[in-house]
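[1] build the 3D model from these lines:
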Amino acid sequence: MKSLHAAGNAVLLAAAALLVAAPADAAQGPSIGKESFGKLADGTRVDRYTLRNAHGMRVRILTYGGIIQMLDVPDRKGREANVALGFATLKDYVDKNGGPYFGALIGRYANRIAKGRFTLDGKTYRLPVNNGPNSLHGGIKGFNTKVWKATVVRGRGTVGLRLTYVSKAGEEGYPGTLTTSVTYTLGTANRLRLDYRATTDKATIVNLTNHSYFNLAGEGTGDAYGHLLQVNASRYTPTDSTQIPTGKLAPVKGTPFDFTRPHTIGERIRANDPQLLVGHGYDHNFVLNQRRPGEPVLAATVTEPRSGRVLRLSTTQPGVQLYTGNYLDGSLIGTSGHAYRQGDAFALETQHFPDSPNHPNFPSTVLRPGQVFTSTTTYAFSTTR
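    Coordinates of the predicted model:
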């Protein structure tokens with residue numbers, strides 16, 4: 001009887017996997033499926049949701065860290081490939097994702113806060129230091145380590161996954177209880193939209209992003225230095241030796257940071273520029289050219305010439321961090337079984353500026369009771385001819 005029971009379970013699991021993997025019907029619109037991705041050491045279940053449409057786009061999202069584990073899009077010949085870096089197992093995400101943050105939701109504060117300190121309403125708060133002398137990406141156990149509550153949402157011609165997490169007052173040193181939701185939405189077009197929302201019961205600071213790494217030639221295919229990049233930013237925020245902004249909004253003109261016209265990522269990455277030496281490549285915030293604060297703008301366009309894949313990134317945020325995988329050293333094995341090395345991908349993290357609480361001239365990241373933080377980021381994929 002035990003063997004029959006096991007066989008029955010195997011059939012059910014196989015059927016569930018087929019349901020998750022079944023292609024979307026163009027007449028029915030995009031689809032969403034759910035499967036188990038394992039359990040944490042304390043027994044907490046982690047699920048994986050798969051969103052797909054009828055045009056070759058598939059996004060796999062984990063409730064652990066809100067992670068985009070895989071993102072399949074077609075090339076100019078219709079051949080699909082996963083263009084997002086990640087791990088194959090939950091164990092790898094738990095044990096190894098504290099450095100790269102592959103695909104994860106980042107909070108409470110994305111990027112760095114100098115010396116893990118900021119002052120709000122006359123009170124100084126101290127945060128865990130986990131990046132040299134600074135606090136990075138929310139601290140030691142940021143939002144990337146949390147299991148988020150998932151709710152499927154459906155619209156006209158869209159499917160989505162709303163992830164919610166409540167960060168209690170004092171978590172990682174931050175004041176106030178922060179309730180955060182991030183909704184991933186996929187429609188008939190090859191466009192993934194992320195809508196962020198947060199409220200608090202006490203004055204706090206908030207800066208949310210997603211930390212996906214992309215290689216439009218396909219994950220595990222080698223470096224991304226040949227990708228053409230254009231960034232809608234005439235200024236950037238240079239940093240000190242610990243990668244904390246100096247407070248200056250410097251012009252990109254005449255520097256390796258000028259992507260106002262397309263350049264390959266690798267064209268100037270080894271230039272003898274003090275800023276590139278500090279970050280071991282690009283790891284800098286660009287000040288987006290917005291007409292009005294909070295207005296959605298096309299932040300960046302990335303083209304991979306061989307496959308013809310194009311990524312257009314739009315956001316309502318004032319900045320975007322370009323990171324070129326400078327610290328990938330070959331020790332991490334990705335979903336395809338290939339080792340990730342320096343420059344094998346790029347990240348474009350939409351955000352407020354790093355260390356904003358300590359720079360009054362930067363856009364404010366303060367959130368107070370009664371206010372609602374919202375932002376939207378869209379990843380639109382297409383191909384060249």
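[2] count of residues packed around residue 90?
    Residue 90 is flanked by 19 other residues according to other CB atoms under 10 Å. Yep, even glycine has a C-beta here, placed from its N, CA and C like the rest.
[3] just give the nearest non-adjacent residue to it, would you?
    Nearest residue to residue 90, sequence neighbours excluded (CB to CB, 6 or more residues apart in numbering): residue 38, at 3.8 Å.
[4] how far off centre is whichever helix or strand that neighbour is part of?
    Secondary structure from DSSP states H and E places residue 38 in strand 31-39. Averaging C-alpha positions (CA atoms, centre = their mean, to the nearest Å) puts strand 31-39 20 Å from its chain's average.
[5] given it, what are its sheet partners and their directions?
    Strand 31-39 sits in its sheet next to strand 45-52 (antiparallel), going by DSSP bridges.
[6] may I have the strand it pairs with exported as CSV, CA atoms only?
    Listed next in CSV are the C-alpha coordinates belonging to strand 45-52 (Å, rounded to 0.1, in the frame of the first residue of the first chain):
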residue,chain,number,x,y,z
ARG,A,45,7.3,26.4,3.4
VAL,A,46,8.6,28.3,0.4
ASP,A,47,6.6,28.4,-2.8
ARG,A,48,7.5,29.2,-6.3
TYR,A,49,5.0,30.9,-8.6
THR,A,50,5.3,30.9,-12.4
LEU,A,51,3.8,33.7,-14.4
ARG,A,52,3.7,33.2,-18.2
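[7] partners of the residue nearest to residue 90 in the sheet?
    Under DSSP bridges, the beta-bridge partners of residue 38 are residue 46.
[8] same check on residue 350?
    Going by DSSP bridges, residue 350 forms beta bridges with residue 320.
[9] my read: it touches residue 322, true?
    No - in this structure residue 350 lies outside contact range of residue 322 using CB atoms under 8 Å: 11.0 Å.
[10] of these two, which one has the most company?
    Taking neighbours as other CB under 10 Å, residue 350 and residue 322 compare with residue 350 leading, 27 against 23.
[11] strands of the stretch 151-300 of the chain, start to end?
    Assigned by DSSP state E, counting those that start in this stretch, the stretch 151-300 of the chain shows strands spanning 158-167, 178-187, 191-200, 204-205, 209-210, 213-214, 228-231, 235-237, 250-251, 263-264, 283-287, 297-303.
[12] nearest to residue 371, out of those strands?
    strand 191-200 (7.4 Å; CB to CB).
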